[in-house]
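**Q** Dropping a prediction and its sequence here:
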Amino acid sequence: MENNKQDLITKIVTYSIVFFGILFTIWVMKDDNPSEMSYDQQKQWAIVEAKSEGLSSKMTATELNAHLSNRTAEISLEKEETLWSDVSTLINFSLFIIYLATGLVIAAFIYLAYLDFQKAKRILIGVGIFVVFMILIYLFSEGESGSDLKIASTAINSTIVLTSLAILGWVGGSLVKFIK
């Protein structure tokens, strides 16, 4: 394959991964988090729903109170399920990217080792540095080791760091071209 085609494919894949990584991260971060809502806020939400349905005229005060308590608990559960569904989407995307990247790196390394072994060694060192980088991000991320929260935190942190590095490289590359 020609270098121009390889470069184009690489750029399309890279930009797609960055785009979807940022999109999923923003999606999860903008989600309503039930832990951020107090009981009073959840109850207020249930009251607004009850008013819009006109339940105050259909129920006694005791029935309405029971309904509001039950609905408040349901709201909390619904929000929590939505949050974990979105976090699972981000985790699954991150795992897919990790597996895809691992497969591509192994395939590219084998192909390159066949063509130019010295260049393959340098790339292997770069991959080793990346692996160490990812392990460090995992260790410094919040959450209990092995938990979904730790993995989600790692995904968000790595997306932020890698996006920052990509932007820095893009701006730095443009700056170097401008100076030359």
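**A** Arrived safely, thanks for sending. Residues are numbered from 1 along each chain as shown.

**Q** What segments of the protein are helices?
**A** Ranges of helices in the chain, per DSSP state H, are 3-29, 39-53, 55-58, 61-115, 117-140, 148-179.

**Q** would CSV of those with mean pLDDT be doable?
**A** Shown next, in CSV, are these (pLDDT from 0 to 100):
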stretch, mean pLDDT
helix 3-29, 79
helix 39-53, 75
helix 55-58, 74
helix 61-115, 77
helix 117-140, 86
helix 148-179, 83
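
**Q** Would you mind giving the ones you listed as JSON lines with mean neighbour count added?
**A** Quick note: C-beta positions are derived from backbone N, CA and C, even for glycine. Converted to JSON lines, those look like this (neighbours: other Cβ atoms under 10 Å):
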{"stretch": "helix 3-29", "mean neighbour count": "13"}
{"stretch": "helix 39-53", "mean neighbour count": "14"}
{"stretch": "helix 55-58", "mean neighbour count": "12"}
{"stretch": "helix 61-115", "mean neighbour count": "14"}
{"stretch": "helix 117-140", "mean neighbour count": "12"}
{"stretch": "helix 148-179", "mean neighbour count": "14"}
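
**Q** and the residue located most distally from the centre of the chain, what is it in contact with?
**A** Relative to the C-alpha centroid of the chain, counting by Cα atoms, centre = their mean, Thr60 is the outermost residue, at 46.1 Å. Listed by Cβ atoms under 8 Å, 6 or more residues apart in numbering, Thr60 has no contact partners.

**Q** Check it and give its pLDDT.
**A** Looking at Thr60, its pLDDT reads 78.

**Q** Quick check: phi and psi at Met59.
**A** Here is the backbone geometry of Met59 (degrees, to the nearest 10): phi -120, psi 160.

**Q** Excluding residues flanking it in the chain, which one is nearest it?
**A** Leaving aside its sequence neighbours, Met59 sits nearest to His67 (Cβ to Cβ, 6 or more residues apart in numbering; 6.5 Å).

**Q** residues in contact with the one you found?
**A** His67 sits next to 46, 50, 55, 59 when contact means Cβ under 8 Å, 6+ apart.

**Q** Pick the one among the residues you listed closest to Ala73.
**A** Nearest to Ala73, judged by Cβ to Cβ, of these is Ala46 at 9.1 Å.

**Q** Quick check: closest non-adjacent residue to that closest one.
**A** If the residues on either side of it in the chain are set aside, Ala46 comes closest to Arg71, at 4.0 Å by Cβ to Cβ, 6+ apart.
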